[in-house]
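Undergrad: below is the structure, and that's it, no one-letter string:
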Ligand code: SF4
Ligand code: SF4
């Protein structure tokens with residue numbers, strides 16, 4: 001596929017140009033507290049270098065917090081008629097960092113499993129991804145390199161790498177190519193040399209690292225069901241569920257039906273995000289709760305990311321190392337520290 005080496009100002013103009021005829025999301029400052037993926041407007045500041053992690057990952061644009069699934073109507077004894085509600089509006093997610101690119105890949109896999117989720121997959125089909133490399137860790141919370149997300153490229157339609165006042169644009173798919181058409185960008189004649197210069201600027205080591213190889217972590221966590229680490233790590237937990245809400249690979253949801261008050265035979269089913277750290281998450285009919293205390297819920301969350309889903313999908317880790325859960329937790333509970341504590345406890349007791 002082709003590659004171009006383009007001055008940053010021209011890339012900024014290109015993103016604005018795309019936004020005139022497409023919905024383009026790009027990380028932008030939102031209030032005092034951080035960045036969010038918001039639609040690009042004519043006045044939007046397109047900033048490639050001073051990246052700060054967004055509150056929510058870009059993949060949440062493919063699975064909104066609340067969405068209608070279908071409308072239904074029942075007539076007589078016939079089976080109810082179901083009319084699915086599918087969002088076919090096109091969008092471009094630009095400025096997606098490697099950890100979040102991998103997060104979207106993991107959500108693609110989870111949502112394609114079995115019968116597949118038509119609501120997610122319809123949005124995904126109509127979404128183009130413009131990713132951007134990280135040469136420095138975004139802050140002290142991330143650990144993307146430790147879980148193998150830093151080098152993730154696979155599902156990018158276009159992959160951008162900043163090098164001083166230029167950006168290398170690598171075209172990876174046909175839809176990516178269509179976004180470049182007509183721009184007359186200068187072709188990059190030596191992609192390997194540009195990449196090598198960028199690689200020389202990448203921080204080493206890149207952010208936080210685990211105390212054990214990633215490949216060993218699922219087995220270590222599986223051996224630590226009774227470890228005191230679980231209780232110790234949730235002493236401060238409020239069970240607020242913020243860690244679930246900001247995670248690029250959390251996808252649990254609840255559903256409810258709204259009856260049409262003017263027609264009792266018709267209505268709509270809607271789903272909303274749910275989260276395994278919330279106290280009611282594992283409560284079933286009759287009032288029994290399978291995970292009534294925070295330590296059991298934290299154990300379940302960590303095992304989903306580093307053991308259950310990691311083994312089911314064989315993707316190295318179902319945590320992308322984005323650091324959002326630790327960053328957003330009001331009491332500084334950090335999944336990276338939990339995993340390292342479990343590794344230390346396992347090695348001390350082996
Ligand atoms: S964000 Fe922190 S306090 Fe809230 S549920 Fe998660 S670990 Fe507990
Ligand atoms: S568990 Fe935490 S660090 Fe891992 S992907 Fe989810 S939010 Fe990011």
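TA: Structure's in. What do you need? Note that this is a predicted model, so its numbers are computed, not measured. Ligands and ions are numbered 1, 2, ... in the order given.
Undergrad: from here on, contacts and neighbour counts on C-alpha atoms
TA: Fine.
Undergrad: I'd say residue 65 and residue 272 touch.
TA: Yes - between residue 65 and residue 272 there is a contact at 5.4 Å, judged by Cα atoms under 8 Å.
Undergrad: list residues touching both of these two?
TA: With contacts taken as Cα atoms under 8 Å, 6 or more residues apart in numbering, not a single residue reaches both residue 65 and residue 272.
Undergrad: in the host helix or strand of residue 120, what's buried?
TA: Per DSSP states H and E: residue 120 is located in helix 118-125. By neighbour count, and taking 16 or more other Cα atoms under 10 Å as the criterion, the buried residues in helix 118-125 are 118, 119, 120, 121, 122, 123, 124.
Undergrad: and it, what other elements does it pack with?
TA: Contacting helix 118-125 under the criterion 3 or more Cα pairs under 8 Å, 6 or more residues apart in numbering; DSSP states H and E are the following elements: helix 98-112.
Undergrad: residues contacting the helix it packs on, please?
TA: 57-59, 117, 120-121, 124, 131-134, 144, 149-153, 155-156, 248-249, 251, 313, 318-322.
Undergrad: now do the same contact list for residue 293.
TA: Residues touching residue 293, when contacts are defined by Cα under 8 Å, 6+ apart, comprise residue 279.
Undergrad: so how far is residue 52 from it?
TA: Note on residue 293: its distance to residue 52, by Cα to Cα, to the nearest Å, is 34 Å.
Undergrad: same question for residue 161.
TA: Separation of residue 161 from residue 52 (Cα to Cα): 16 Å.
Undergrad: higher neighbour count, the two?
TA: In this view residue 161 and residue 52 are compared by other Cα atoms under 10 Å, and residue 161 has more residues nearby, 21 against 15.
Undergrad: touching, that one and residue 153? I think so.
TA: No - using Cα under 8 Å, residue 161 and residue 153 do not qualify as a contacting pair, with a distance of 11.5 Å.
Undergrad: in this structure, which residue is most central in space?
TA: Nearest to the mean C-alpha position of the chain, counting by Cα atoms, centre = their mean, stands residue 248 at 2.6 Å.
Undergrad: just to revisit the earlier point, between the buried residues of helix 118-125, which sits nearest ligand 1?
TA: Taking Cα to the nearest ligand atom as the measure, ligand 1 sits nearest to residue 120 out of those, at 25.0 Å.
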